[in-house]
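Student: A predicted structure for the sequence below; I have some questions about it.
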Amino acid sequence: MMMSTKTKKPRAGLALLGLAAAAVVLAFTARELIPLLRPEKETDTEQTASTQLSESLPTPVSEPEDEPEAVATPAVTATPFAGWDVETLDAFCAQQPSGFSVYAQDLETGAVYTYNTETEYYPASTLKAAYALWLCEQAEQGVLDMEGDVRNTFSFGTLAGTKLDAYDGVSMIPAWDVMYAMITVSDNNAIDMLVATWTANEVSGFCDFLADLVFHAPYTCSMTEEDGIQGIMNVSDAGLLMQALYQYFGTETSTSLQLMDCFLDAEHTALYIPEGVEAAKKYGSWDYAFHDFAIVYAEHPYILCCMTDQGDQNVDFPPAVVAAMQELGQLVYAQESA
């Protein structure tokens, strides 16, 4: 077995913040399931020069044949924080295209602000965050072994220039190194390897896991070799997912702290994160889908999620929507730090 080249000291200090939110549990009413299936293909900044998906390999993650649209119901739903300027947030969100949804939560008080929660989106690679949490919880229960290796399904030179290039041509790769690549740069080679070992669908229990998180359409979601990433989410689901991650990080097990490091080391920039403040985050990008979710470990920690229908499969980070997310993040941080 090849030993991992990625060893990181867990950030236990940050994880202690998770204990403060152990009592924060929200429940959202599950909504009527509306089928919308679209496989994932995502290009990442560090991965552009290499094969992004297994499209040219024997067991590909399939690409979408068409471009389904988000199911838009642009209603505003706000649960105001005490002292927050909700009108300013609403006004900013209203200026954005209709497919723009926001979830913000103060992790000390549990108060939540939401905008446009009814619109549904293809989750793109944000579903990898749920998959990572599911794998780690399965590992903690002894169902699978994250300390072992997974098969390198790209052993013919396709890892050169990627986050996993150290394993180019190697038959087996440490599972944690693959997980690290999947989260930090949203590496699609990595997700292909992981789902080849641990598929995520209704049969494997992944959908039940999402149902336990109170996702509104959990049984539309899956991650498999055959069909790639599929499903629908709304921004309330995003908030539930990040709450679950925050609480899991707070357990401070060796597995949870290792996973926390993966999210803290995410290399993308979309939502504004204050300088010098760490954030556990995950983005997703595909045509008609660009999202970013973050747990921001500021003096007063908070969750911020933004889902949009403004993705572009040919552009990693569409400038207009990134600019909007930067402004949104600044507005929310100003509220939280006031």
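Tutor: Nice, thanks for sending it over.
Student: for the protein, give me the ranges with low pLDDT.
Tutor: Within the chain, the ranges that satisfy pLDDT under 70 run 1-83, 155-157.
Student: 90 - rerun?
Tutor: For the chain, the stretches with pLDDT under 90 are 1-85, 97-98, 153-162, 168-170, 313, 316, 335-338.
Student: please list all residues in contact with the residue nearest to the spatial centre of the chain.
Tutor: Centre of the chain computed as the mean C-alpha position; nearest residue by CA atoms, centre = their mean is residue 126, 3.0 Å away. Each residue near residue 126 by CB atoms under 8 Å, 6 or more residues apart in numbering is listed here: 233, 238, 241, 282, 283, 284, 291, 293, 307. No exception for glycine: its C-beta is placed from N, CA and C like everyone else's.
Student: quick one, strands of this structure?
Tutor: Using DSSP state E, the strands of the chain run over residues 100-106, 112-115, 149-151, 172-174, 222-224, 228-230, 279-286, 289-296, 302-308.
Student: save those strands as JSON lines, and put in mean neighbour count and distance to residue 318 too.
Tutor: Below are the strands of the chain laid out as JSON lines (neighbours: other CB atoms under 10 Å; distance: least, CB to CB, whole Å):
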{"stretch": "strand 100-106", "mean neighbour count": "26", "distance to residue 318": "13"}
{"stretch": "strand 112-115", "mean neighbour count": "22", "distance to residue 318": "20"}
{"stretch": "strand 149-151", "mean neighbour count": "18", "distance to residue 318": "32"}
{"stretch": "strand 172-174", "mean neighbour count": "20", "distance to residue 318": "32"}
{"stretch": "strand 222-224", "mean neighbour count": "24", "distance to residue 318": "24"}
{"stretch": "strand 228-230", "mean neighbour count": "25", "distance to residue 318": "19"}
{"stretch": "strand 279-286", "mean neighbour count": "26", "distance to residue 318": "8"}
{"stretch": "strand 289-296", "mean neighbour count": "28", "distance to residue 318": "6"}
{"stretch": "strand 302-308", "mean neighbour count": "28", "distance to residue 318": "9"}
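Student: out of these, which is closest to residue 206?
Tutor: Proximity to residue 206 (CB to CB) singles out strand 222-224 among the strands of the chain, at 6.8 Å.
Student: what's the closest non-adjacent residue to residue 189?
Tutor: Leaving aside its chain neighbours, residue 189 sits nearest to residue 154 (5.4 Å; criterion: CB to CB, 6 or more residues apart in numbering).
Student: correct me, but that neighbour touches residue 188?
Tutor: No. The pair residue 154 and residue 188 does not pass the contact test of CB atoms under 8 Å, sitting 10.2 Å apart.
Student: ok, now how distant is residue 320 from residue 86?
Tutor: Counting by CB to CB, to the nearest Å, the gap from residue 320 to residue 86 is 24 Å.
Student: between the two, tell me which one has more neighbours.
Tutor: Using other CB atoms under 10 Å as the criterion, residue 320 and residue 86 rank with residue 86 on top: 16 against 13.
Student: measure stretch 292-308 end to end?
Tutor: 9 Å (CA to CA, to the nearest Å).
Student: before we move on, what about stretch 253-272?
Tutor: Counting by CA to CA, the terminal residues of stretch 253-272 are separated by 29 Å.
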